[in-house]
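Student: Turn this into a model:
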Amino acid sequence: MNDLSSIWNCIVESIFKFWTFITGVQAESWSAIASIVSVLIALGALWYTRKQWEKINAKIAMVEDSGKVAEILPAWYTRRMMRDTWLFGLYTCDGRVVLITSIVAVSDDGAWLDVELADPDTGEQFKVKFPNCIFSVDEQRTRASVRVDSIVSAVDLQSS
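Tutor: The predicted structure follows:
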């Protein structure tokens, strides 16, 4: 216990010396120590808040030019599926198939695909082959976003 009190006294004395050095004012009260601690906490909170603000303001842009997309996500299907409107299947790591007609855009970090889902009529036809397939719920609501890291393979699902 004696060692703990001597450590505490050393810390308090160091804070007093630091305060005197910085301000030129002799600090001998707890209010001076409290103000120093408050300033340090405020500066730490300000730094942390700034870091969080930077994270929140980091935006992901969506790239729609198929030439630029190939630089971000170099896969054969990306460029082709952005140019053609066809029926494609994206097999996911959990065994489902996402039925799409095209890729609309790719995020600039390569993590997301914006796709046009197959319409409900087409989806119902393919439910026999792929019981867990994913398609649009309505012909007017065909847009979706898919995580690239969840795609295992991409294939054509129709022939000409």
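Student: quick one, longest strand in this structure?
Tutor: If each strand of the chain is counted by residues according to DSSP state E, the longest one is strand 97-107.
Student: who does whatever helix or strand comes next after it pair up with?
Tutor: If you walk from strand 97-107 toward the C-terminus, the next helix or strand you reach (DSSP states H and E) is strand 112-117. Using DSSP bridges, strand 112-117 pairs in its sheet with strand 97-107 (antiparallel), strand 143-147 (antiparallel).
Student: For the shortest one, C-alpha coordinates in PDB please.
Tutor: Output in PDB follows, covering the C-alpha atoms of strand 143-147 (Å, rounded to 0.1, in the frame of the first residue of the first chain):
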ATOM      1  CA  ARG A 143     -32.400  -3.500 -58.900                       C
ATOM      2  CA  ALA A 144     -30.200  -5.200 -56.200                       C
ATOM      3  CA  SER A 145     -26.700  -5.000 -54.700                       C
ATOM      4  CA  VAL A 146     -24.600  -8.200 -54.300                       C
ATOM      5  CA  ARG A 147     -21.400  -8.600 -52.400                       C
END
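Student: Could you tell me the average pLDDT over that strand, please?
Tutor: Along strand 143-147, the predicted local confidence has a mean pLDDT of 92.
Student: List the contacts of residue 23.
Tutor: Residue 23 makes no contacts at all, as judged by CB atoms under 8 Å, 6 or more residues apart in numbering. No exception for glycine: its C-beta is placed from N, CA and C like everyone else's.
Student: ugh, wrong one, residue 136
Tutor: 117, 118, 119, 120, 123, 142, 144.
Student: Ok, residue 105 next?
Tutor: Residue 105 sits next to 62, 63, 64, 69, 113, 114 when contact means CB under 8 Å, 6+ apart.
Student: filter the residues you listed to the buried ones?
Tutor: 63, 69, 113, 114 (16 or more other CB atoms under 10 Å).
Student: So in terms of bridging, what pairs with the nearest residue to the second one once chain neighbours are set aside?
Tutor: Put plainly, it is residue 69. What sits nearest to residue 69 in space, not counting adjacent residues and going by CB to CB, 6 or more residues apart in numbering, is residue 106, at 4.7 Å. Here residue 106 shows beta-bridge partners residue 63, residue 113, assigned using DSSP bridges.
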